[in-house]
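>>> My questions concern the predicted model and sequence given below.
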Amino acid sequence: MATRFHLLLRPLCFLVFTVLLAAIATQAQVPANATFHFINQGEFGDRIIEYDASYRVIRNDVYTFYTFPFRLCFYNTTPDSFIFAIRAGIPNDESLMRWVWDANRNDPVRENATLTFGRDGNFVLADVDGRVVWQTNTKNRGVTGIKMLPNGNLILHDKNGKFIWQSFDYPTDTLLVGQSIRIGGRYKLISRKSEIDGSDGPYSLVLDRTGLTMFLSHDGQLLTYGGWPGTDHGSRVTFAAEPENDNATAYELLLLVNQDTPRRRLLQVRPIRSARALNLNKLNYNATYSFLRLSHDGNLKAFTYYAKVSYLKWEESFAFFSSYFIRECALPSKCGAYGYCNRGMCVACPSPKGLLGWSESCAPPKTPPCSGGKGKFGYYKIVGVEHFLNPYKEDGEGPIKVGDCRAKCDRDCKCLGFIYKEYSSKCLRVPLLGTLIKDVNSSSVGYIKYSI
């Protein structure tokens with residue numbers, strides 16, 4: 001009898017369970033009047049915009065996607081090659097507006113591409129041929145709405161307001177106030193290739209247990225050129241702008257570290273007792289609307305919106321390579337492909353004939369095809385020079401004789417030259433030349449490889 005009862009009960013339980021699931025799924029759907037389907041077409045905006053881009057504002061009868069000063073747009077820097085992005089700026093003030101987040105910069109879409117937010121809660125960008133280029137992967141995950149927050153964070157949320165997806169989890173080259181870099185693959189900054197080409201460039205800002213480090217990717221190698229390496233800063237670092245005092249008459253730009261423990265400040269605009277604080281710049285105005293960007297040239301800069309000026313309202317409020325922080329000549333791209341830099345200026349183009357006048361056409365010397373040291377090449381000498389890698393490589397290996405250092409560079413196909421410290425007998429072989437830095441110490445000598 002009991003067995004027969006259980007056999008009857010099972011289908012009933014399954015039916016109840018199915019009904020409950022259906023009810024939950026129905027409750028979790030996006031309301032029909034909150035969905036949208038936007039087609040990338042129509043007139044372009046006429047405001048001054050970063051990268052000299054053309055742009056279209058994304059809005060419809062339900063959504064404006066504007067929360068001062070952030071707005072959703074499509075923009076392009078080359079014809080018929082659009083990026084879905086977040087813009088920061090106030091159109092009526094006639095100041096340059098900025099792009100602070102990109103969804104698909106490595107895979108632009110064309111005219112008549114579509115942006116769809118459906119009842120299943122997925123947010124999808126598809127090209128004109130229907131190919132899905134980008135999506136939030138939030139289908140049937142309980143999303144009920146989409147919103148642009150006052151801090152520039154685009155979110156998809158459930159019926160209780162919980163974030164299911166947020167743009168802050170997918171940084172590109174920019175951090176807004178409150179946004180973090182974390183340990184993990186996607187939580188880093190990657191520069192653009194150029195102002196015109198928005199795809200991933202060679203520079204990155206990465207957090208791991210060895211530090212917060214700026215890297216230059218070259219020929220399969222990650223070369224350290226800046227940042228704060230050598231210290232464990234915790235699992236995330238957050239860009240912040242906080243009042244310096246109770247009256248909020250001045251603000252501090254900060255990078256907050258080790259937030260799982262009592263707070264420590266890595267970037268700090270004024271000295272404090274913590275040995276982990278680095279001084280930047282104090283802003284004597286509200287810095288709430290600020291962003292930190294890894295620029296296409298590799299410099300790390302902050303910009304802050306200052307409304308009380310008539311133009312250029314996005315003021316540069318911090319630069320890693322600058323006259324007040326880290327010497328400008330240490331930026332690998334300071335002199336373009338090649339150059340000799342002193343006190344922030346490109347003063348010469350090194351050559352076998354000596355130091356010639358610098359121009360943007362200055363280029364590294366040609367080297368022969370790799371032949372394991374048997375090619376016809378020589379080295380020309382530059383006295384009083386340093387490489388951007390020197391501080392991060394402890395001047396290289398050694399002690400070693402200069403002849404042995406040269407022999408190693410001879411055999412190394414990736415070696416374009418070396419910096420030899422005569423006082424310590426240390427040798428730094430370099431795979432990239434870029435900007436060479438004048439060193440007041442004449443015992444720091446550069447040897448640059450060239451074809452004979």
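Yep, that arrived. Numbers count the residues shown, from 1 in each chain.

>>> Over to Lys188: give its phi and psi.
Backbone dihedrals for Lys188, given as degrees, to the nearest 10, come out at phi -150, psi 170.

>>> Excluding chain neighbours, give the residue nearest to it in space.
For Lys188, the nearest residue in space outside its immediate sequence neighbours is Val206; the separation is 4.7 Å by CB to CB, 6 or more residues apart in numbering. The C-beta positions use only the backbone N, C-alpha and C, and glycine is treated the same way.

>>> Look at the one you found and report its pLDDT.
Looking at Val206, its pLDDT reads 97.

>>> for Pro229, same thing?
Here the pLDDT value assigned to Pro229 is 93.

>>> Quickly list what it is bridged to.
For Pro229, the beta-bridge partners under DSSP bridges are Gly211.

>>> what sits against the residue lying closest to Thr78 once chain neighbours are set aside?
The spatially closest residue to Thr78, leaving aside those adjacent along the chain, is Ile196, at 6.6 Å (CB to CB, 6+ apart). Contacts for Ile196 (CB atoms under 8 Å, 6 or more residues apart in numbering) come out as 51, 77-78.

>>> quick one: Ile196 is in a strand?
No: per DSSP: H, G, I helix; E, B strand; the rest coil, Ile196 lies outside any strand segment and is coil.

>>> Can you classify the closest residue to Glu195 other than its chain neighbours by secondary structure?
Using CB to CB, 6+ apart and skipping the chain neighbours, the partner closest in space to Glu195 is Tyr51 (4.9 Å). When states are read from three-state DSSP, the local structure at Tyr51 comes out as helix.

>>> If we ignore the residues flanking it in sequence, what's nearest Val402?
Closest residue to Val402 apart from its sequence neighbours, by CB to CB, 6+ apart: Tyr420 at 5.2 Å.

>>> In contact with Pro365, which residues?
Each residue near Pro365 by CB under 8 Å, 6+ apart is listed here: 351-352, 380, 448-451.

>>> how near is it to Lys353?
Spatial separation of Pro365 from Lys353 under the definition CB to CB, to the nearest Å is 11 Å.

>>> Same question for Lys334.
Remark: distance between Lys334 and Lys353 (CB to CB) = 23 Å.

>>> Likewise for Ile419?
When CB to CB is the yardstick, Ile419 and Lys353 sit 21 Å from each other.

>>> Counting neighbours, go ahead and name the busier of those two.
For Ile419 against Lys353, the residue with the higher neighbour count under other CB atoms under 10 Å is Ile419, and the figures read 27 against 7.

>>> what's near enough to touch that one?
By CB under 8 Å, 6+ apart, the contact list for Ile419 reads 385-387, 390, 395-396, 427-428, 430, 444-447.

>>> quick one: which of the residues you listed sit in strands?
Secondary structure from DSSP state E places 385-386, 427-428, 430, 444-447 of the contacts of Ile419 in strands.

>>> and whichever strand or helix holds Leu207, how far from the chain's centre?
Assigned by DSSP states H and E, Leu207 belongs to strand 200-208. Taking CA atoms, centre = their mean, to the nearest Å, the mean C-alpha location of strand 200-208 is offset from the chain mean by 6 Å.

>>> what lines up beside that strand in the sheet?
Within its sheet, strand 200-208 is paired with strand 189-192 (antiparallel), strand 211-218 (antiparallel), according to DSSP bridges.

>>> Of those strands, which is nearest Ser322?
Nearest to Ser322 among those is strand 211-218 (14.1 Å), distances taken as CB to CB.

>>> contact partners of the closest one?
181, 202-207, 222-233, 237, 255, 257, 266, 294, 298, 300, 320, 332, 431-432.

>>> redo that, cut-off 7 Å
Among residues not part of strand 211-218, those counted as contacts by CB atoms under 7 Å, 6 or more residues apart in numbering are 202-206, 222-231, 233, 237, 298, 300, 332, 431-432.

>>> Selection in ChimeraX covering whichever of those are buried, please.
Provided next is the ChimeraX selection string for whichever of the contacts of strand 211-218 are buried by 16 or more other CB atoms under 10 Å:
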select :202,203,204,205,206,223,224,225,226,227,228,229,233,237,298,300,332,431,432
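
>>> how about the helices in the protein?
If you assign secondary structure with DSSP state H, the helices in the chain sit at 2-27, 402-411.

>>> which stretch in these is the model least sure about?
For the helices of the chain, the stretch scoring lowest in mean pLDDT is helix 2-27; its value is a mean of 48.

>>> Identify the residues contacting Ile155.
Taking CB under 7 Å, 6+ apart as the criterion, Ile155 is in contact with 147, 149, 163, 165-166.

>>> repeat that with 10 Å
Contact analysis of Ile155 by CB atoms under 10 Å, 6 or more residues apart in numbering lists 143, 145-149, 161-169.

>>> ok, now how distant is it from Thr78?
For Ile155 relative to Thr78 (CB to CB), the value is 30 Å.

>>> cool, Ala240 as well?
Noted for Ala240: a distance of 35 Å to Thr78, by CB to CB.

>>> What's the PyMOL line that selects buried ones from the ones in strands among the contacts of Ile419?
The PyMOL command for the buried members of these (criterion: 16+ other CB under 10 Å) is given here:
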select buried, resi 385+386+427+428+430+444+445+446+447
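
>>> Touching, the residue nearest to Glu195 and Arg98? I think so.
Yes: here Tyr51 reaches Arg98: they are 9.4 Å apart, a contact under CB atoms under 10 Å.

>>> Where does the prediction get shaky in this structure?
Screening the chain residue by residue with the criterion pLDDT under 70, one finds the ranges 1-27, 259-280, 371-374.

>>> domains for it, by residue range?
If the domains of the chain are taken from the TED database, they occupy 32-163, 174-326, 329-451, with pieces of a single domain joined by a plus sign.

>>> how far does the second one sit from the chain's center?
Distance, stretch centre to chain centre, for domain 174-326: 10 Å (CA atoms, centre = their mean).

>>> Cool, thanks, signing off.
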